[in-house]
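Q: next come a sequence and a model predicted from it.
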Amino acid sequence: MGMIDYESFGRDLSALGHELRARTGRADWHHLRLLEWGGRICMLLGLATAWLWPNPLSVFLIAQGMMVRFTIGHHVGHGSYENVPGMPAHYARKVFARGFRRFLDWPEWWNLDDWRYTHNELHHPHTQSPLDADLMGEEVRMHLPMAVRYFLFAFATITWKFTYYAPRMHRERRARDAGLTRSARYEMKSADLLDGGDPIVRQLWLRDYAPYVAVRFALPTLLASLLGPWAAFSMFVNLVFAELLHNAQTFICIRPNHCAGDIPLFGSRYESRTEFFLQSVLGTINYQAGGNVIDMLHGWTNYQIEHHLWPKITLLQYQRARPRVMEICRRHGIPYRVDNVFVRYARTARIFVGLDHSPVIETKTLLKAGTLPEAQVAA
């Protein structure tokens with residue numbers, strides 16, 4: 001393989017980014033509304049049938065309604081729609097999911113400010129580098145039997161939002177608010193979720209968990225109880241399983257984008273725009289795409305390469321960007337990897353249990369040499 005002109009690679013991606021932002025218009029708003037109404041219909045149909053009996057159809061429909069809200073909340077949280085002409089004011093970050101709108105726009109286990117700090121400031125600028133808030137530490141579980149490690153991975157898959165991510169995000173932001181300098185990734189402890197004597201944990205449960213549980217589970221169950229005990233029981237069971245399915249769906253889609261033995265870690269954070277582009281592509285794997293339904297089932301994480309290149313463009317622009325990014329990577333000899341989401345999930349499991357380990361590379365060295373590591377060339 002010949003020398004790679006990384007500067008030309010960076011210029012081509014920068015030009016594409018400017019083009020995509022310039023193309024943003026009313027079509028992006030109509031596309032978002034289409035997805036939003038699809039999610040609302042799924043949620044309404046799921047709730048309308050959930051009181052009849054515990055059933056997989058209601059569970060699936062409710063979970064997809066939640067997935068749409070998650071996807072929209074994620075991208076609005078980046079500010080993706082603030083420059084779209086004619087967008088209603090509540091799609092701006094200063095209004096979206098604030099106050100009572102939390103339960104209209106994006107009901108979640110966490111506070112939106114916790115999400116925005118951890119995801120926007122600690123993950124995106126540090127993806128796969130030492131301070132990335134989303135890296136999975138492995139030291140705590142490596143002494144456990146292999147069967148227990150796999151059990152913990154399965155348990156994390158169906159509960160990660162409330163057993164791991166919300167308490168970790170809350171702890172990260174509280175540390176920032178206390179003025180602590182973040183010199184290493186925070187390794188979450190069980191006490192961060194369960195220590196009732198800790199005021200940070202009490203705030204998590206009272207401010208974040210209690211309102212979510214009340215709106216997501218208690219209120220629908222109470223309304224269903226007007227139709228009798230069986231209706232209340234059915235509603236509650238369907239809501240619980242929808243929550244677990246949604247946790248599994250989001251975990252399976254989100255974690256494997258960056259976590260596998262063939263996805264490198266970076267020894268340090270990027271220092272230039274070109275290095276940022278290189279880390280975004282090498283440190284991420286996309287999933288297969290195929291229209292709005294397939295994309296929404298993935299929560300748009302099948303465009304994760306494009307999302308890390310340009311976190312603030314719209315969902316429609318990611319669909320338009322993908323073939324262009326693929327062509328730029330092919331032309332410059334940079335691997336653009338696409339795989340099945342379940343294949344990637346299995347590879348993430350191997351990292352979690354300690355069977356695989358991600359290689360560490362220095363992108364600054366690659367830029368100077370104009371080369372790629374052999375493992376990345378093979379990919």
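A: On my side now, so go ahead.
Q: CA atoms for contacts and neighbours, from now on please.
A: Noted.
Q: what about the strands in the stretch 151-300 of the chain?
A: With strands called from DSSP state E, counting those that start in this stretch, the stretch 151-300 of the chain shows them at 265-266, 286-287.
Q: now the ones you listed in JSON lines, with mean neighbour count, distance to residue 221 and mean pLDDT?
A: Output for those, formatted as JSON lines (neighbours: other Cα atoms under 10 Å; distance: least, Cα to Cα, whole Å; pLDDT from 0 to 100):
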{"stretch": "strand 265-266", "mean neighbour count": "24", "distance to residue 221": "45", "mean pLDDT": "94"}
{"stretch": "strand 286-287", "mean neighbour count": "24", "distance to residue 221": "36", "mean pLDDT": "97"}
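Q: any idea which of these gets closest to residue 181?
A: Comparing those by their distance to residue 181 (Cα to Cα), the top pick is strand 265-266, with 21.1 Å.
Q: and the contacts of the closest one?
A: The contact list for strand 265-266 (Cα atoms under 8 Å, 6 or more residues apart in numbering) reads 128-130, 279, 283, 358-363.
Q: just the ones of the residues you listed in strands?
A: Cross-referencing these against strands under DSSP state E gives 360-361.
Q: so residue 260 is in contact with residue 343, correct?
A: No. Using Cα atoms under 8 Å, residue 260 is not in contact with residue 343; the gap is 10.4 Å.
Q: more neighbours: which of the two?
A: The residue with more neighbours, out of residue 260 and residue 343, is residue 260; 26 against 11, by other Cα atoms under 10 Å.
Q: pLDDT wise, what is that one at?
A: On the pLDDT scale, residue 260 is placed at 92.
Q: relative to residue 351, how far out is it?
A: 6 Å (Cα to Cα, to the nearest Å).
Q: need the overlap of contacts for the two.
A: 357-358.
Q: could you pull up phi and psi at the most far-flung residue of the chain relative to its centre?
A: The C-alpha centroid of the chain is most remote from residue 228, which lies 38.3 Å away (Cα atoms, centre = their mean). Main-chain dihedrals, residue 228, degrees, to the nearest 10: phi 120, psi 170.
Q: returning to what we had before: adding distance to residue 314, write the strands of the stretch 151-300 of the chain out as JSON lines.
A: Below are the strands of the stretch 151-300 of the chain laid out as JSON lines (distance: least, Cα to Cα, whole Å):
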{"stretch": "strand 265-266", "distance to residue 314": "27"}
{"stretch": "strand 286-287", "distance to residue 314": "17"}
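Q: quick one: closest of the ones you listed to residue 239.
A: strand 286-287 (28.2 Å).
Q: the closest one pairs with which strands, parallel or anti?
A: Paired with strand 286-287 in the same sheet, following DSSP bridges, are strand 338-339 (parallel).
Q: quick one: distance of the partner strand to the chain centre.
A: 17 Å (Cα atoms, centre = their mean, to the nearest Å).
Q: CA atoms of the next helix or strand after it as PDB?
A: Sequence order places helix 341-353 as the next helix or strand after strand 338-339, per DSSP states H and E. Listed next in PDB are the C-alpha coordinates belonging to helix 341-353 (Å, rounded to 0.1, in the frame of the first residue of the first chain):
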ATOM      1  CA  VAL A 341     -24.900  -5.200  14.500                       C
ATOM      2  CA  PHE A 342     -25.100  -8.600  16.200                       C
ATOM      3  CA  VAL A 343     -21.700  -9.700  14.900                       C
ATOM      4  CA  ARG A 344     -20.300  -6.600  16.500                       C
ATOM      5  CA  TYR A 345     -22.200  -7.200  19.700                       C
ATOM      6  CA  ALA A 346     -20.600 -10.600  20.000                       C
ATOM      7  CA  ARG A 347     -17.200  -9.000  19.500                       C
ATOM      8  CA  THR A 348     -18.000  -6.500  22.300                       C
ATOM      9  CA  ALA A 349     -18.800  -9.400  24.600                       C
ATOM     10  CA  ARG A 350     -15.300 -10.800  24.000                       C
ATOM     11  CA  ILE A 351     -13.800  -7.500  25.100                       C
ATOM     12  CA  PHE A 352     -16.100  -7.400  28.200                       C
ATOM     13  CA  VAL A 353     -15.100 -10.900  29.400                       C
END
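Q: cool, thanks, signing off.
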